[in-house]
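Enquirer: Here you go, sequence then predicted model.
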There are 2 protein chains.
Amino acid sequence: MRQSALYTKTRRETPRDEVSKNARLLVRGGFVNKEMAGVYSYLPLGVMVLRKIENIIREEMNSIGGQEVYLSVLQNPHPWKMSGRWNDSTMSDWFKTRNSEFGLGNTHEEPLAYSMRYHISSYKDLPIYVYQIQSKFRKELRAKSGLLRGREFIMKDLYSFNKDTAGLDTFYEKCARSYKKIFKRVGIGDKTYFTFASGGVFSKYSHEFQTINDAGEDTIYIDEEKGIAINKEVYTKKTVRELGLNEEKLIKKSAIEVGNIFKLGTRFSEALGLTYADKNGNDIPVVMGSYGIGLGRLMATLVEVLSDNKGIVWPESVSPFKLHLIELGSGLGKNLYNTLKKNNIDVLYDDRDITAGEKFTDADLLGIPWRFVVSPKTGKKIEIKKRTSKKAQIISYDEAIRKFS
Amino acid sequence: MRQSALYTKTRRETPRDEVSKNARLLVRGGFVNKEMAGVYSYLPLGVMVLRKIENIIREEMNSIGGQEVYLSVLQNPHPWKMSGRWNDSTMSDWFKTRNSEFGLGNTHEEPLAYSMRYHISSYKDLPIYVYQIQSKFRKELRAKSGLLRGREFIMKDLYSFNKDTAGLDTFYEKCARSYKKIFKRVGIGDKTYFTFASGGVFSKYSHEFQTINDAGEDTIYIDEEKGIAINKEVYTKKTVRELGLNEEKLIKKSAIEVGNIFKLGTRFSEALGLTYADKNGNDIPVVMGSYGIGLGRLMATLVEVLSDNKGIVWPESVSPFKLHLIELGSGLGKNLYNTLKKNNIDVLYDDRDITAGEKFTDADLLGIPWRFVVSPKTGKKIEIKKRTSKKAQIISYDEAIRKFS
């Protein structure tokens, strides 16, 4: 894409109403627009990053048997009354319409389990794994962490439906492995820990994926060798012992929760009448689990974790473009741009009529992993530099095509 | 995909609470689930159709220079107060949160024009074309038309920002042509008319794309030769004369509005202070237009227009699968299924253990354009039949691969 055609402009000044690093950089880069506290719109560059994150998550969810749905935002009170979660006293973060006719979806156990009654009747129908990628809503009183904690946020939520807890347990482990792959693919695998957190009625622990970062609201105790951690909320001598860990080896860190997985058991299926007939014709409640990843939060985490004092650093897997071609001199990059495009290389071409300094500053802010510079000095060659490196090297057009296509 | 793995089940019985053909067939086929009147969730087959419609629209919007964004659902009252559309007396179909803190987006002129103030300052920044595909919300008192008129619905809305009305006019025509392509690609080009409808402050007419169908809420007067129509709301002798049409040639029909385009002029830019500096440094209000297509409504229109008494008939361009492979005899279709998949042919494989009659009935209901049958009778060959045809023919595996890959 030609940068002169991209409608968003970068901002030099830090937005005064943002305290979080992720929102400051994403707003300055023109990835998002702040509509109000905790509510952001995604602008073209932000949509590109979002789609790449979305596709990675979709691939992984499909590979573990997930079927994609798209549930409504407006919530019919009926199934929520059945489960006892309609009242604000039970679920305090509901947004509801003016006369409380409807809720705005903040999670989807109830409507999905309710609609499953049409599709599950026999043990032969199970297991079923269903997910969606969609906007959710939550009343957050303090929404100061940018895209880390929003009142409106995009989430992938998967729900599992199994015959029994053995089936749930197997899928739960499978989904945990798939989450590890996702966090690895988006570039934070080495900083993200499988973390024991508080469970519910049906299991002692739930599990979170926590990415080490000072902007995180959670505190975790990490066993680096085993690659697991304990959330402060369940951190006791007893927990440490139960998990076979050594208290002295554990390192205390702040972390951002980038994913969580829950065993729900029959909490919702019993309340909503979601049962199946087993081989003997007995009615058995379906065993459920739920598995979430916030996409905007993940994007914000990448910014918090990977950016430097010059700007964002996108991993190649989610970067809006693979490389950023900067011409110093009008039209100097045009041939190379056309050649790159012909070779299906995803490139942002800075053809704007501004100074070299402004272009470099913008390139660092936008965080595309590779920078190409063509100028009268480079002649028929290209100066290429990684966003994370200080050293540049000179290569020919042919080498560039070979290396990047 | 193996049909035994698809979690949704078809329904024999017509849902008692649905009066519209589109909702009856889409619910029976398991494409959507009704959450409440005017609110539908998309199930896996529905998501597949939705994505294909979405991609066709996205391609066409990108090809006319559209840049994709994803604006928030929650609406900050501020820009709406500036334009005078926050009050329910002005805009009666708002959903608002309990204490009217926020609105739920029903259109996005205000927030988008407001955020554009950061990105438009000079005439050099224009034109800009921005679109999104996203859920919208509208209080509909009577929501009885299934997915044709929802309280929550998925929409593509594009907004144009030009220097002057000449620029707007040029883009308006371009977008109209692109809409024609879209409706042609999804299979209703021959039934859809460019229709003159009531304008606003800034232009005499707006334009709708109306698809002839008895389920439509609009009445239009068509000139079949010229391929244009007049909406009843502006149908007068004067309009007929102005458009150079002959009253006697016009045919009155019911129609579904599948798209609309509006010239907004400076209605919003003036209210929101969205101006640019021209060559002489004068502040000029930006000239806007807006362009909508409802995706769920489009899906419903395809069902209303193309289905027969046996079920849905999807055009190949939006069908969840290209072909439906039915085996009569356990495992008989397995080799062919694997071969088709290896050749990247998009196939739903009915490997379920049910009767041939049930399989054929489901295939007709689901409406995939091609049906393949393998049975002990067909041996090493395949009986293929178009959904719209009564005649089948016998072809070899090799021919099938050639014809469908």
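Expert: Cool, the structure landed.

Enquirer: Output the longest strand along chain A as CSV, restricted to C-alpha atoms.
Expert: The residue-count maximum for a strand in chain A (DSSP state E) belongs to strand A:251-265. Provided in CSV are the C-alpha atoms of strand A:251-265 (Å, rounded to 0.1, in the frame of the first residue of the first chain):
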residue,chain,number,x,y,z
ILE,A,251,10.0,-15.8,41.1
LYS,A,252,7.3,-13.1,41.7
LYS,A,253,6.4,-11.0,38.7
SER,A,254,3.6,-8.8,37.3
ALA,A,255,1.8,-10.2,34.4
ILE,A,256,-1.0,-9.6,31.9
GLU,A,257,-3.6,-12.3,31.6
VAL,A,258,-3.8,-13.0,27.8
GLY,A,259,-6.0,-16.1,28.0
ASN,A,260,-7.9,-18.2,30.4
ILE,A,261,-9.6,-21.6,30.4
PHE,A,262,-12.3,-22.9,32.7
LYS,A,263,-13.9,-26.2,33.5
LEU,A,264,-17.5,-25.3,33.9
GLY,A,265,-18.8,-28.9,34.6
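
Enquirer: List the neighbouring strands of it plus their orientation.
Expert: Using DSSP bridges, strand A:251-265 pairs in its sheet with strand A:205-212 (antiparallel), strand A:218-223 (antiparallel), strand A:287-294 (antiparallel).

Enquirer: so A:Ile110 touches A:Met82, yeah?
Expert: Small correction: residue A:110 is Glu, not Ile. Yes. With contact taken as Cβ atoms under 8 Å, A:Glu110 and A:Met82 are classed as touching, separated by 7.4 Å. For every residue, glycine as well, the C-beta is placed using N, CA and C.

Enquirer: which one of the two has more residues nearby?
Expert: Per other Cβ atoms under 10 Å in any protein chain shown, whichever of A:Glu110 and A:Met82 has more neighbours is A:Glu110, with 25 against 17.

Enquirer: In which helix or strand does the more buried one reside?
Expert: helix A:109-116 (DSSP states H and E).

Enquirer: what's the overlap in contacts for A:Glu110 and A:Met82?
Expert: When contacts are counted by Cβ atoms under 8 Å, 6 or more residues apart in numbering or on different chains, A:Glu110 and A:Met82 are jointly contacted by A:Leu272.

Enquirer: Bridged to the nearest residue to A:Leu332 once chain neighbours are set aside, which residues?
Expert: Using Cβ to Cβ, 6 or more residues apart in numbering or on different chains and skipping the chain neighbours, the partner closest in space to A:Leu332 is A:Val374 (5.0 Å). Beta-bridge pairing of A:Val374 under DSSP bridges involves A:Glu327.

Enquirer: ok, which stretches of chain A are helices?
Expert: Ranges of helices in chain A, per DSSP state H, are A:21-28, A:44-63, A:77-83, A:109-116, A:165-185, A:237-242, A:267-272, A:295-306, A:334-342, A:356-366, A:397-404.

Enquirer: Which of those helices sits closest to B:Pro320?
Expert: helix A:44-63 (14.8 Å; Cβ to Cβ).

Enquirer: Give me the helices and strands touching the closest one, please.
Expert: Here helix A:44-63 touches strand A:67-68, strand A:128-137, strand A:152-162, helix A:165-185, helix A:295-306, strand B:67-68, going by 3 or more Cβ pairs under 8 Å, 6 or more residues apart in numbering or on different chains; DSSP states H and E.

Enquirer: mind exporting it as PDB, just the C-alpha atoms?
Expert: Taking C-alpha atoms only, helix A:44-63 is exported to PDB below (Å, rounded to 0.1, in the frame of the first residue of the first chain):
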ATOM      1  CA  PRO A  44      -7.000   0.600   8.900                       C
ATOM      2  CA  LEU A  45      -3.600  -0.400  10.400                       C
ATOM      3  CA  GLY A  46      -5.300  -1.700  13.500                       C
ATOM      4  CA  VAL A  47      -7.700  -3.700  11.500                       C
ATOM      5  CA  MET A  48      -4.800  -5.300   9.600                       C
ATOM      6  CA  VAL A  49      -3.100  -6.400  12.900                       C
ATOM      7  CA  LEU A  50      -6.500  -7.500  14.200                       C
ATOM      8  CA  ARG A  51      -7.200  -9.700  11.200                       C
ATOM      9  CA  LYS A  52      -3.800 -11.400  11.400                       C
ATOM     10  CA  ILE A  53      -4.300 -12.200  15.100                       C
ATOM     11  CA  GLU A  54      -7.800 -13.300  14.300                       C
ATOM     12  CA  ASN A  55      -6.500 -15.700  11.600                       C
ATOM     13  CA  ILE A  56      -3.900 -17.200  13.800                       C
ATOM     14  CA  ILE A  57      -6.500 -17.900  16.500                       C
ATOM     15  CA  ARG A  58      -9.000 -19.200  13.900                       C
ATOM     16  CA  GLU A  59      -6.500 -21.600  12.400                       C
ATOM     17  CA  GLU A  60      -5.700 -23.000  15.900                       C
ATOM     18  CA  MET A  61      -9.300 -23.300  17.000                       C
ATOM     19  CA  ASN A  62     -10.200 -25.000  13.700                       C
ATOM     20  CA  SER A  63      -7.300 -27.400  14.200                       C
END
